[in-house]
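*Asks:* give me a model of this one.
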Amino acid sequence: MTIAVTGASGHLGRLVVEALLRDGVTPVAIVRDPDKIADLAERGVDVRRADYGDPRALDDALTGVDRLLLISGNEFGARVDQHTNVIRAAERAGVRLLAYTSIPKADDNPLILAQEHRGTEAVLAESTVPHTLLRNGWYWENYVGGLAHTVETGVLHGAAGTGRVAAASRADYAEAAARVLTTDGHAGAVYELGGDEPLTYDELAQVISRVSGKPVRYENLSTADYATASSAAGLPAQFAEVLADADAGVAAGLLDVDPGDLRKLIGRSSTPAAEVFRAALA
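*Replies:* Sure thing, here's the model as predicted:
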């Protein structure tokens, strides 16, 4: 059985490849730039070049593949078309299972981030490829980029109110994907994946304070003010809007996902936020 992972040079994709290798499976790694994972090729991974926008290259890359993980792309506005290219190539290749990394409650989730996931899920629903939806919740790593600044200023800014985010580590979601790819009985399944530690942003600030040894408090802003502040801090305006919209989703409970599916797939509790933040600060 041949297992392939798209986007294998990205943070999540590389972790999935590593999880598969630990399980004794040497996968196919599909990437735009093979040079980025030359080290994996040296370890025996079959590295194949393909871009989500190139159907012919995708056909070549999926030759002989039985199970495929389609990791959602990062080109906002083009993702449904790109994902459709992969799905059609999987149909032509006779792929027997396609797992797709989506977002919680994608079928009726109002978040900006959910729109292209919902579109991709609709394409999958009409495709001939048996598939599994991995509706990944929030990553603790989403807070790592601004962690040093948060510790330095002593303020965690956001627009989440008292909502809770049941995040997990990127490695947790990677391990869940690897389990789906290497075990049977997942075709048609929809996994709503969230962590065991649902935190409000006040509690998140307390975790950061405890790990860093410095006082950190949470300052709640309106969605509009948070988007403006993020843009003023240097983030592209579109990305700042997406982040603020995601925090509005936290406030509405959209990212407070039950941990049962993730725990079932990985056979343990999810990684605590403190562990992820401690590693990042180190």
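*Asks:* mind checking the end-to-end distance for stretch 165-175?
*Replies:* In stretch 165-175, first residue to last residue: 20 Å (Cα to Cα, to the nearest Å).
*Asks:* which other residues reach that stretch?
*Replies:* Stretch 165-175 has contacts (Cβ atoms under 8 Å, 6 or more residues apart in numbering) with 11-12, 15-16, 18-19, 101, 134, 136-142, 193-199, 201, 204, 250, 255-259, 262, 265-266, 270-271, 273, 275-276. The C-beta positions use only the backbone N, C-alpha and C, and glycine is treated the same way.
*Asks:* which stretches of the stretch 151-282 of the chain form strands?
*Replies:* 155-158, 190-193, 217-220 (DSSP state E, counting those that start in this stretch).
*Asks:* mean pLDDT, distance to Asp59 and mean neighbour count for those strands - can I get that in JSON lines?
*Replies:* Output for the strands of the stretch 151-282 of the chain, formatted as JSON lines (pLDDT from 0 to 100; distance: least, Cβ to Cβ, whole Å; neighbours: other Cβ atoms under 10 Å):
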{"stretch": "strand 155-158", "mean pLDDT": "96", "distance to Asp59": "44", "mean neighbour count": "21"}
{"stretch": "strand 190-193", "mean pLDDT": "98", "distance to Asp59": "28", "mean neighbour count": "22"}
{"stretch": "strand 217-220", "mean pLDDT": "98", "distance to Asp59": "49", "mean neighbour count": "16"}
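*Asks:* how about the ones you listed, which one is nearest Ile30?
*Replies:* strand 190-193 (22.2 Å; Cβ to Cβ).
*Asks:* and that closest one, how far out from the chain's middle?
*Replies:* 12 Å (Cα atoms, centre = their mean, to the nearest Å).
*Asks:* which elements pack onto it?
*Replies:* With contacts taken as 3 or more Cβ pairs under 8 Å, 6 or more residues apart in numbering; DSSP states H and E, strand 190-193 sits against strand 131-136, helix 170-182, helix 260-266.
*Asks:* using PDB, write down the CA coordinates of it.
*Replies:* Extracted in PDB, the C-alpha atoms of strand 190-193 (Å, rounded to 0.1, in the frame of the first residue of the first chain):
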ATOM      1  CA  VAL A 190     -16.000  13.100   9.600                       C
ATOM      2  CA  TYR A 191     -13.700  13.800  12.500                       C
ATOM      3  CA  GLU A 192     -14.200  17.000  14.500                       C
ATOM      4  CA  LEU A 193     -10.800  17.400  16.100                       C
END
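*Asks:* that strand pairs with which strands, parallel or anti?
*Replies:* strand 131-136 (parallel) (DSSP bridges).
*Asks:* could you pull out the helices for this protein?
*Replies:* Taking DSSP state H, the helices of the chain run over residues 11-22, 38-42, 55-61, 79-93, 114-126, 147-153, 170-182, 201-212, 223-232, 237-251, 260-266, 273-281.
*Asks:* between these, which gets nearest to Arg164?
*Replies:* helix 237-251 (7.2 Å).
*Asks:* so what touches that closest one?
*Replies:* Contacts for helix 237-251 (Cβ under 8 Å, 6+ apart): 76, 109-113, 138, 158-165, 201, 223-224, 226-228, 230-231, 235, 255-256.
*Asks:* select only the buried ones of these in ChimeraX?
*Replies:* Remark: buried members of the contacts of helix 237-251, expressed as a ChimeraX selection using 16 or more other Cβ atoms under 10 Å:
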select :109,111,112,113,138,158,159,160,161,163,164,165,201,223,226,227,228,230,231,235,255,256
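*Asks:* mind listing what Pro55 touches?
*Replies:* Applying Cβ under 8 Å, 6+ apart, the residues contacting Pro55 are Asn85, Arg88, Ala89.
*Asks:* just the buried residues of stretch 13-32, please?
*Replies:* Those would be 13-21, 23, 25-32, for stretch 13-32 by 16+ other Cβ under 10 Å.
*Asks:* nice, that's everything, thank you.
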